[in-house]
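Novice: please find the sequence and the predicted model below.
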Amino acid sequence: MDKLPPKYVSSATTWRSKLALRTASALFLIIIAAIGGSLANTPRVDVLGIMLILAPGLIAPFIWDIAEGICILCRGGHRGIHPGAIVAIDLLCWLGWVVIVFFMCVSGLITRARYFIDDYSGYDDYQYDTSKVTPEDAQLEQSIEAKGRVMAAFGCLTVVAHFMLFVIGCRETNIRSRMPQTVYVMQPIYSTEAVGPYQLGQVVGQPQPPMPQMPVFLQPPPSQLAARPSPAQAG
């Protein structure tokens, strides 16, 4: 049986836009992961809580972007994954990154990085005193805040990328739902020769109903017709 044509195929502009957004999102996630890793490896910097929150936001969207990109490149018509799945998963991705960026802002990673420095010199009996901050701690604090801002910026770009993919998925889902339903019917196969109990012209693979019995009228032979007198002669 021939393969049925796809119900909907994205235009060249659409699938290229989706592929570009997937590639950009994956690059953003790689950059965020690299900066987060450099913070985690910095001495006296404790960002374990932030990294635990970042981990699912980095791993799940990255795998999703790679899977969708492979499907766009390999499937016929560059169809990618079903738009219904794109709507659901990309919705979770951009909403999740909104939460992550908000947490990075309110946690102090961008404006109060001293909270993440062990044995910070600016505290005296839990009171913050800028005059006691050592140059080393001040430089470390500025470095953390700068990296935090870069991570938040790329997080916002990730939100934008997945939001645009979510919108494209909604549009394609709407197009698919509005398309008329197509019903494919297999044509019956007729045999050109007698096959088993079936005769010429009968459908192969289906039992045939019995033929109706028609009355048969027998005509007498011509010799009897000639010997039988006509009505005029009989009179």
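Specialist: Done, it's in. Residues are numbered from 1 along each chain as shown.
Novice: OK, contacts around residue 38?
Specialist: Listed by Cβ atoms under 8 Å, 6 or more residues apart in numbering, the contact partners of residue 38 are residue 147. The way it works is simple: take the backbone N, C-alpha and C, and place the C-beta from them, glycine included.
Novice: ok, now residue 84?
Specialist: Residues near residue 84 by Cβ under 8 Å, 6+ apart: 169, 173.
Novice: so it is in which element?
Specialist: Using DSSP states H and E, residue 84 sits in helix 83-106.
Novice: can you check residue 148 too?
Specialist: Per DSSP H and E: helix 135-178 holds residue 148.
Novice: same for that helix, what does it pack against?
Specialist: Counting contacts by 3 or more Cβ pairs under 8 Å, 6 or more residues apart in numbering; DSSP states H and E, helix 135-178 packs against helix 12-40, helix 83-106.
Novice: neighbours of residue 17, how many?
Specialist: Using other Cβ atoms under 10 Å, the number of residues around residue 17 comes to 15.
Novice: state the pLDDT value of the nearest residue to it once chain neighbours are set aside.
Specialist: Excluding its sequence neighbours, the residue lying closest to residue 17 (Cβ to Cβ, 6 or more residues apart in numbering) is residue 168, at 7.0 Å. With respect to pLDDT, residue 168 scores 92.
Novice: I'd say residue 168 and residue 16 touch.
Specialist: No - counting by Cβ atoms under 8 Å, residue 168 does not reach residue 16; the two are 11.4 Å apart.
Novice: of these two, give the one with the bigger neighbour count.
Specialist: Comparing residue 168 with residue 16 by other Cβ under 10 Å, the one with more neighbours is residue 168, at 21 against 13.
Novice: any idea how far that one is from residue 117?
Specialist: Residue 168 sits 43 Å away from residue 117, going by Cβ to Cβ, to the nearest Å.
Novice: so where is this protein shaky, pLDDT-wise?
Specialist: The model of the chain has pLDDT under 70 over residues 1-9, 121-131, 179-235.
Novice: make it 90
Specialist: Residues of the chain that meet the criterion pLDDT under 90 lie in 1-15, 36-54, 72-84, 103-148, 171-235.
Novice: what residues does residue 15 make contact with?
Specialist: 72, 78, 79, 80.
Novice: excluding its backbone neighbours, what's nearest the first one?
Specialist: The spatial neighbour of residue 72 that comes closest, neighbours along the chain excluded (Cβ to Cβ, 6+ apart), is residue 80 at 4.3 Å.
Novice: tell me the secondary structure for the one you found?
Specialist: With DSSP: H, G, I helix; E, B strand; the rest coil as the basis, residue 80 sits in coil.
Novice: that one: how many residues sit nearby?
Specialist: Residue 80: 26 neighbours (other Cβ under 10 Å).
Novice: now swap in residue 25 and tell me
Specialist: 29.
Novice: my guess is it contacts residue 66, does it?
Specialist: No - counting by Cβ under 8 Å, residue 25 stays clear of residue 66, with 10.0 Å between them.
Novice: all set now, cheers.
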